[in-house]
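Undergrad: Structure, please.
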Amino acid sequence: MHLSLNHQNLNIFNHFGDSAQNENNTTRAFLIAATRSPWSPMLLRGFFDLVAARIRERFPEQAAVLGCFSQSWPEQVEISMERDIKAESFPGVGVEHAIIVELTPLGAALDPPQQMTEVGDSGRVDASIVIRQSESDGLALIIESKLYGRAGHEQLLRYKQALENRQITTVLVDVAWEEVYALADDQIGRAHV
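TA: As a prediction, this is how the structure comes out:
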């Protein structure tokens with residue numbers, strides 16, 4: 001498996017200092033742990049399995065988007081942060097399916113999505129993970145991270161529309177940060193046994 005981590009925002013010493021610094025730094029820490037630590041393969045696979053299980057339980061009719069998720073390790077995994085949805089390269093060449101992952105605190109999953117006043121065709125997703133078995137069958141995980149509540153409904157719809165405008169089949173799922181923390185705790189615990 002080839003892992004592409006060239007994106008400048010994945011630099012381990014780059015600290016986000018803007019209005020979204022907490023969620024961006026937490027998302028970056030998760031992506032670095034999932035790609036650059038001794039337990040990375042288990043943490044990354046655990047996250048993939050968590051997203052796949054969420055789709056199978058809530059949207060069984062959409063299970064076809066999982067593609068190489070269900071198979072062995074993908075040939076290529078490309079990870080980046082702070083992607084502009086209007087960029088010509090978003091989410092990546094040859095991407096046919098996308099899963100928008102709303103990554104929120106556990107309690108927030110029970111709340112309705114936040115309403116936003118701004119509606120438009122622009123925006124930046126917090127992170128993307130593109131998984132490939134070949135150049136033409138990419139699956140993108142688009143991560144929108146919040147630490148204190150839900151993402152805005154219009155924000156998620158804007159991302160979905162940007163993907164579907166490029167003829168990319170898209171499904172939206174939510175994952176709790178606590179589930180990610182539990183995966184990390186489990187892998188770290190196994191490493192110390």
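Undergrad: where does the chain have low pLDDT?
TA: 1-20, 67-72, 107-121, 135-136, 187-193 (pLDDT under 70).
Undergrad: Helices of that one, residue ranges please.
TA: 21-36, 40-58, 153-164, 177-191 (DSSP state H).
Undergrad: Of all those helices, which one is nearest residue 143?
TA: helix 21-36 (6.5 Å; CB to CB). (Glycine included, C-beta is placed from N, CA and C.)
Undergrad: Could you list the buried residues of that closest one?
TA: 23-24, 26-28, 30-35 (16 or more other CB atoms under 10 Å).
Undergrad: about what we covered before: the helices of the chain into JSON lines, with extra columns for distance to residue 98?
TA: Output for the helices of the chain, formatted as JSON lines (distance: least, CB to CB, whole Å):
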{"stretch": "helix 21-36", "distance to residue 98": "17"}
{"stretch": "helix 40-58", "distance to residue 98": "12"}
{"stretch": "helix 153-164", "distance to residue 98": "5"}
{"stretch": "helix 177-191", "distance to residue 98": "20"}
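Undergrad: how many neighbours does residue 165 have?
TA: If you count neighbours by other CB atoms under 10 Å, residue 165 ends up with 10.
Undergrad: picking that back up, which among the helices of the chain is found nearest to residue 147?
TA: So among the helices of the chain, helix 21-36 is nearest, using CB to CB, at 5.1 Å.
Undergrad: Export only the CA atoms of the closest one, formatted as CSV.
TA: Below are the C-alpha coordinates for helix 21-36, written out as CSV (Å, rounded to 0.1, in the frame of the first residue of the first chain):
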residue,chain,number,x,y,z
GLN,A,21,-8.0,25.7,15.3
ASN,A,22,-9.3,23.2,17.8
GLU,A,23,-11.1,21.0,15.3
ASN,A,24,-8.4,21.3,12.7
ASN,A,25,-5.6,20.4,15.2
THR,A,26,-7.6,17.5,16.6
THR,A,27,-8.4,16.2,13.1
ARG,A,28,-4.7,16.6,12.1
ALA,A,29,-3.6,14.7,15.3
PHE,A,30,-6.0,11.9,14.4
LEU,A,31,-4.7,11.7,10.8
ILE,A,32,-1.1,11.7,11.9
ALA,A,33,-1.8,9.0,14.5
ALA,A,34,-3.6,7.0,11.8
THR,A,35,-0.6,7.2,9.4
ARG,A,36,2.6,7.7,11.3
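Undergrad: Fine, thanks again, bye for now.
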